[in-house]
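K.L.:
give me the fold of what follows.
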Amino acid sequence: LVAVEHTQELVRRVARELGTGAASLYRHITDRRQLLPLLAEDLAAGYPLVEPGGAPLDRLVAQWLAMHDYLVAHPWGAPLIADGEHTVSSAQPVVDRCMALFADVGLDEAVSRRAYRALWRLLIGHLLSRHPFGHLQGAPPEGDDFEWAMRALLAGLGTEAAQ
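P.N.:
Purely as a prediction, here's the structure:
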């Protein structure tokens, strides 16, 4: 039931972004199951690739921050990714870039794969959990949390992320 509600909200968001009604989308697609893979493919094709340059850790952090900002700009993307039903070929360039960046900071392939999955979970969890944590007096602004958590995770993997 939750997946159906997320899907319905996603269809409504896509329709709003296109300036039309949800019912109008069904003139071009058979059902929601046909729309979701198309959206996932389009979303992944737009993942930013940060240009090489600078220290390896800085490039790695910049890549994940760019992906964070991209998904913030596409708020329907995080729930679509979280559903885990759509593996798309257009995501391969960002996978390759991230894996190369992990290698550049000294992680072997097995740890890089785990780090990749862990950072995706961190990113998606951050985007899906928008609770303001207002009960924490003196807490840093929400925008700082993802980078802080990412650097803490990378530091725990033995990179020099604790700078």
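K.L.:
which is the next helix or strand following the worst-scoring helix or strand of the chain on mean pLDDT?
P.N.:
Of all helical and strand segments in the chain, the minimum by mean pLDDT, DSSP states H and E falls on helix 2-18, at a mean of 67. Sequence-wise, the next helix or strand downstream of helix 2-18 (DSSP states H and E) is helix 22-25.
K.L.:
now the next helix or strand after that next one: mean pLDDT?
P.N.:
The element immediately downstream of helix 22-25 (helix or strand, assigned by DSSP H and E) is helix 32-45. Averaged across helix 32-45, the pLDDT comes to 83.
K.L.:
what is the helix or strand following helix 32-45 packed up against?
P.N.:
Counting by DSSP H and E, the next helix or strand C-terminal to helix 32-45 is helix 56-73. Judged by 3 or more Cβ pairs under 8 Å, 6 or more residues apart in numbering; DSSP states H and E, helix 56-73 is in contact with helix 77-83, helix 92-104, helix 109-128, helix 142-156. Every residue, glycine included, has its C-beta placed from N, CA and C.
K.L.:
distance of the most far-flung residue of the chain relative to its centre relative to residue 147?
P.N.:
Distance to the chain centre peaks in the chain at residue 27, reaching 29.6 Å (criterion: Cα atoms, centre = their mean). Distance from residue 27 to residue 147, counting by Cβ to Cβ, to the nearest Å: 42 Å.
K.L.:
quick one: low-confidence residue ranges for the chain.
P.N.:
1-7, 10, 31-32, 130-144, 160-163 (pLDDT under 70).
K.L.:
okay, the helices and strands packed on helix 56-73 in TSV with distance to residue 54 and mean neighbour count next?
P.N.:
What follows is the helices and strands packed on helix 56-73, written out as TSV (distance: least, Cβ to Cβ, whole Å; neighbours: other Cβ atoms under 10 Å):
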stretch	distance to residue 54	mean neighbour count
helix 77-83	27	19
helix 92-104	11	17
helix 109-128	19	16
helix 142-156	15	15
